[in-house]
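S.K.: Sequence first, predicted coordinates after that:
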Amino acid sequence: KPVILWLRRDFRLHDHPAMVAAEKTGAPVICVFIHDEIVAGTGAAAKWRWGEAIASFAARLEEIGSRLILRKGAALEVLQGLVQETGATQVHWSRAYDPASIARDRAVKAALREGGIGAHSHKGHLMFEPWDVATGKGEPYKVYTPYWNAVKGRGVDTPCDTVRALAAPETWPDSETLASWQMGAQMRRGGPVLAEHACIGEASAQGRMASFFGNKIDDYKAARDQVDQKGTSNLSENLTYGEISPRSLWHSGWARMEAGSAGAETFLKELVWREFAWHLLYHFPTLDHENWRAEWNGFGWRRDNNDAEAWRRGRTGEPFVDAAMREMFVTGQMHNRARMIVASYLTKHLMTDWRVGLRWFEDCLTDWDPASNAMGWQWVAGCGPDAAPYFRVFNPETQAQKFDPDGRYRRAWIAEGQPQPGKTALQYFDAIPKSWRMSADDRYPPRLVDLKEGREKALAAYERHKKG
Ligand code: FAD
């Protein structure tokens, strides 16, 4: 009798506890991916990227004599159908920690068990289960540094062995085709964008990891903030889809730290920011739509507006902000420093609600992760746990001088006004919808807001709000 392995965001053969558990049963393993309402509701770029992860992993499974079965529908119905068709006795999966997935998985587990089917969830997406880390009072952490201090010494489980073969069933259940799902249909982008910039699949992720540990980690501490350099690992999209395991990154990073690499500890701390984000979302499930600090409710942020639309289109007249917004539209990626700057500009200079920005990121990022995105936006806006204070307003001009000193990044993304704009700057105009009516020959727009004035207005609004 076969067992079912329900894949979600865990497209790897290395360090995959759920897959190892399924394999260890000795029974044939049927791997399935279910296009359910959670997949359907994912932002455009992330959904496209999810499709690429599926395609790549399906090929990887074939290399080890297995297959990925694709089915569309409500998860429980699909699983129950598969159990009936195949006579499977167990279902295994890697845990997810966002509220919608938790609710779905709980219901699936209960119903399967009620029907006499073994339902087993496993760790794998995170290094630390959110409920395993608690303060002395048994409460969740709300501040990063104590969280880091709590986890850094406790050790991370050794990654499990790579799966080299999965026993195949005598007959395979039917599979839908990935093409019929049209995972990229909502992207509304022209030209060969995203695909050119994405690093898809387990093998590519491992290559990227090797290159990071081989060439970049020692300089990571100094280089990670320079938007004009490629000083970071770029592994976030792979972590999002589970193409690389956080535990394997941790152990490689730890070994480098012990060998005296200055950048390695900083890298481990960043990996732990990801864990902390999931810790927060798990314990505070409204993190992605409610101000975490209730005293921010009623603050004078504007709802969506024309300035926010200019922000989305990279037409604010603020070159660093526009460069970053265009980079994200074309590549599905944005440097962390740039994320902080564009988020600050939107929520402070443009006085627009952080949720407007959060939703655009959700639609555009290929590394979209509900926890890191929510934590990042609330951190910048000032209303989150362990947030930057609201009055710390990033100045995009001075940030550009520091982190893009010779303007390389801005030139790479802004074509207007350049006699011979480069490839990426022009790619933006191939990618955007025609209805935006923008051309590389346009005049670059004047600033939407004077930086000093915008800052003062934001601070005045903050003072008014504080006084009630
Ligand atoms: P590296 O510098 O190489 O770091 C290694 C890994 O550590 C990253 O891959 C990531 O998993 C983790 N990490 C690094 N910085 C952070 C951070 N600040 N918060 C949480 N984890 C971190 N990250 C996402 O993965 N998905 C998102 O949707 C997302 N949205 C964000 C929105 C805002 C407003 C902000 C300020 C940050 C957001 N981040 C998000 C965090 C961060 O910008 C990205 O993780 C980082 O830019 C990815 O690049 P990298 O893989 O080269 O990171």
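M.R.: That came through, no problem.
S.K.: going forward, measure contacts between C-alpha atoms and count neighbours the same way
M.R.: OK.
S.K.: In the stretch 1-150 of the chain, mark out all the helices, start to finish.
M.R.: 17-24, 37-40, 44-63, 75-86, 99-114, 144-152 (DSSP state H, counting those that start in this stretch).
S.K.: of all the ones you listed, which lies closest to residue 442?
M.R.: helix 44-63 (27.0 Å; CA to CA).
S.K.: Buried residues in that closest one, which are they?
M.R.: Residues 44-58, 60-61 are the ones in helix 44-63 that count as buried (16 or more other CA atoms under 10 Å).
S.K.: Could you do stretch 87-101 as well?
M.R.: So stretch 87-101, judged by 16+ other CA under 10 Å, has buried residues 88-99.
S.K.: likewise stretch 147-158?
M.R.: Buried residues in stretch 147-158 (16+ other CA under 10 Å): 147-148, 151, 156.
S.K.: Check stretch 418-425 too.
M.R.: Here stretch 418-425 shows 421, 424-425 as buried, counting by 16+ other CA under 10 Å.
S.K.: right, and out of those, which lies closest to residue 335?
M.R.: For those, the nearest to residue 335 is residue 424 (15.4 Å; CA to CA).
S.K.: I'd say that closest one and residue 412 touch.
M.R.: Yes - contact status for residue 424 versus residue 412: in contact at 6.0 Å, counting by CA atoms under 8 Å.
S.K.: returning to that earlier point: which among the buried residues of stretch 87-101 gets closest to the ligand?
M.R.: residue 98 (13.1 Å; CA to the nearest ligand atom).
S.K.: Briefly note if stretch 44-64 comes near the ligand.
M.R.: No - among the residues of stretch 44-64, none lie within reach of the ligand under CA under 6 Å from any ligand atom; the closest is 9.5 Å away.
S.K.: mind exporting that stretch as CSV, just the C-alpha atoms?
M.R.: The C-alpha trace of stretch 44-64 is given here as CSV (Å, rounded to 0.1, in the frame of the first residue of the first chain):
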residue,chain,number,x,y,z
ALA,A,44,1.1,37.1,-9.6
ALA,A,45,4.9,36.8,-9.6
ALA,A,46,5.0,34.4,-6.7
LYS,A,47,2.5,32.2,-8.4
TRP,A,48,4.5,32.2,-11.5
ARG,A,49,7.6,31.3,-9.5
TRP,A,50,5.7,28.5,-7.7
GLY,A,51,4.9,27.0,-11.1
GLU,A,52,8.6,27.1,-12.0
ALA,A,53,9.5,25.4,-8.7
ILE,A,54,6.9,22.7,-9.5
ALA,A,55,8.2,22.1,-13.0
SER,A,56,11.8,21.9,-11.8
PHE,A,57,11.0,19.5,-9.0
ALA,A,58,8.9,17.3,-11.2
ALA,A,59,12.0,16.7,-13.4
ARG,A,60,14.1,16.1,-10.3
LEU,A,61,11.7,13.4,-9.1
GLU,A,62,11.9,11.7,-12.5
GLU,A,63,15.6,11.5,-12.1
ILE,A,64,15.1,9.3,-9.0
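S.K.: Not counting that stretch itself, show me its contacts.
M.R.: Stretch 44-64 is contacted from outside by 11-12, 39-40, 67-68, 164-166, 178, 183-187, 200-202, 241, 243, 332, 362-368, using CA atoms under 8 Å, 6 or more residues apart in numbering.
S.K.: Filter these down to just the ones in helices.
M.R.: Among these, DSSP state H puts 39-40, 202, 362-364 in helices.
S.K.: mind showing which ranges of the stretch 101-250 of the chain have poor pLDDT?
M.R.: Filtered on pLDDT under 70, the stretch 101-250 of the chain yields no residues whatsoever.
S.K.: Show me what from it comes close to the ligand.
M.R.: 232-236.
S.K.: Pull the most distant pair out of these.
M.R.: 232 and 236 (10.0 Å).
S.K.: And the pLDDT at the closest residue to the ligand within the stretch 1-150 of the chain?
M.R.: Residue nearest to the ligand within the stretch 1-150 of the chain: residue 46 (9.5 Å; CA to the nearest ligand atom). pLDDT recorded at residue 46 is 96.
S.K.: End to end on stretch 218-228, go ahead and measure it.
M.R.: 18 Å (CA to CA, to the nearest Å).
S.K.: Over to stretch 289-309?
M.R.: Using CA to CA, the end-to-end distance of stretch 289-309 comes to 20 Å.
S.K.: tally of neighbours for residue 7?
M.R.: 20 (other CA atoms under 10 Å).
S.K.: Could you tell me how many residues sit around residue 222?
M.R.: Residue 222, neighbours per other CA under 10 Å, totals 12.
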